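Visitor: Okay, structure incoming, though there's no sequence with it:
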């Protein structure tokens, strides 16, 4: 017969009746942990129930903006990828850890532990942050919800907070992967003097939402500008993943998957070094079409377009550096330069540091 402490059972019932899902789950986890030694079969059954449990307050319909009536998120019930992603060893290892913890959640809960529930993806555009989130949803067999930032952000900041809360509450209602893209737009530093108090309160709303996120689902925040995030945001995440442009070996792997020979792929990798995965895929598609239309070799066209792009990039980088130096000479701060030119704050610092070194 299962032996359960009367006080534990009473507290569990109280939290369930009051609808405090987070407290209910916490108490249930403690109960499972205590039962593990005396009644492992019951402990396993309860742990499995916790793993599959969804909130009784699930919304039937997606949340919408009160004024425009536009949906606040995009939902994919079954994610299908048009190609298999290529990860760096570090990213592959960390994503593997996430999958392992989610798939073995019952085993963790039997020891009073919880799987990761909140991840932070950092890196420049086009390096695979969104793809990684979609890949996780596919591997875990969960629907993917993506916050539509254009709809959520409102000129009335108080309404923006309401929209963000509505999206998070909807995502908490059932097992899913929720992607908060362009996270820096809604989780900016609260010490930024240019932002009004209402935006700072929005950050507080967001932090509370992350804290209350259930371990039965996965929340992923993606940002191109981690330096803009409020310091309090960082400790809310169980794992941070730094995405970078692919290395030359990774570019070779990408080109090989596109049907290019090892020898040519190795030579082309040097030309396309520094490109993002998104840039590589765009270049490959463009070269394939040009090759078909001109009756030329795909490899030849790809090499030719790569050399042309590289020359243009070098010219554009030179002009960018000139603008950075000119604005800095006018006494404009690094952060303001970054915003004016649409580049990252660290990039400004690197250019000016290199100038001083010369």
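Guide: Perfect, thanks for sending it. All figures in this text were calculated on a predicted structure; none of them were measured in a lab.

Visitor: per the record, what domains does the chain have?
Guide: 6-52, 73-242, 248-357 (automatic domain parsing).

Visitor: among those, which is nearest residue 66?
Guide: Distance to residue 66, taken as Cβ to Cβ, is lowest for domain 73-242 among the domains of the chain, at 7.1 Å. Heads up, the C-betas are built off the backbone N, CA and C, glycines and all.

Visitor: Flag whichever of the domains of the chain has the least confidence on average.
Guide: Lowest mean pLDDT of these: domain 6-52, a mean of 74.

Visitor: hmm, back to that, now render the domains of the chain as CSV, adding mean neighbour count and distance to residue 62.
Guide: Below are these laid out as CSV (neighbours: other Cβ atoms under 10 Å; distance: least, Cβ to Cβ, whole Å):
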stretch, mean neighbour count, distance to residue 62
domain 6-52, 15, 20
domain 73-242, 18, 6
domain 248-357, 15, 28
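
Visitor: mind checking which of the ones you listed is nearest residue 61?
Guide: domain 73-242 (8.8 Å).

Visitor: strand partners of the strand or helix carrying residue 145, parallel vs antiparallel please.
Guide: Following DSSP states H and E, one finds residue 145 within strand 144-147. Using DSSP bridges, the strands paired with strand 144-147 are strand 73-76 (antiparallel), strand 177-180 (parallel).

Visitor: sorry, back to before: can you tell which of the domains of the chain is closest to residue 63?
Guide: Across the domains of the chain, closest to residue 63 is domain 73-242 (Cβ to Cβ), at 3.8 Å.

Visitor: Would you format the strands paired with strand 144-147 as TSV with distance to residue 139 included?
Guide: Listed next are the strands paired with strand 144-147 as TSV, based on distance: least, Cβ to Cβ, whole Å:
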stretch	distance to residue 139
strand 73-76	14
strand 177-180	10
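
Visitor: List the contacts of the nearest residue to residue 352 once chain neighbours are set aside.
Guide: Using Cβ to Cβ, 6 or more residues apart in numbering and skipping the chain neighbours, the partner closest in space to residue 352 is residue 328 (5.7 Å). By Cβ atoms under 8 Å, 6 or more residues apart in numbering, the residues touching residue 328 are 334, 337, 348, 352.

Visitor: Next, give me the two most distant ones among those.
Guide: The widest separation within the contacts of residue 328 (Cβ to Cβ) is 8.9 Å, between 337 and 352.

Visitor: can you list residues touching both of those two?
Guide: 324, 328.

Visitor: picking that back up, quick one: the residue nearest to residue 352 from residue 124, how far?
Guide: Distance, residue 328 to residue 124, using Cβ to Cβ, to the nearest Å: 22 Å.

Visitor: All set now, cheers.
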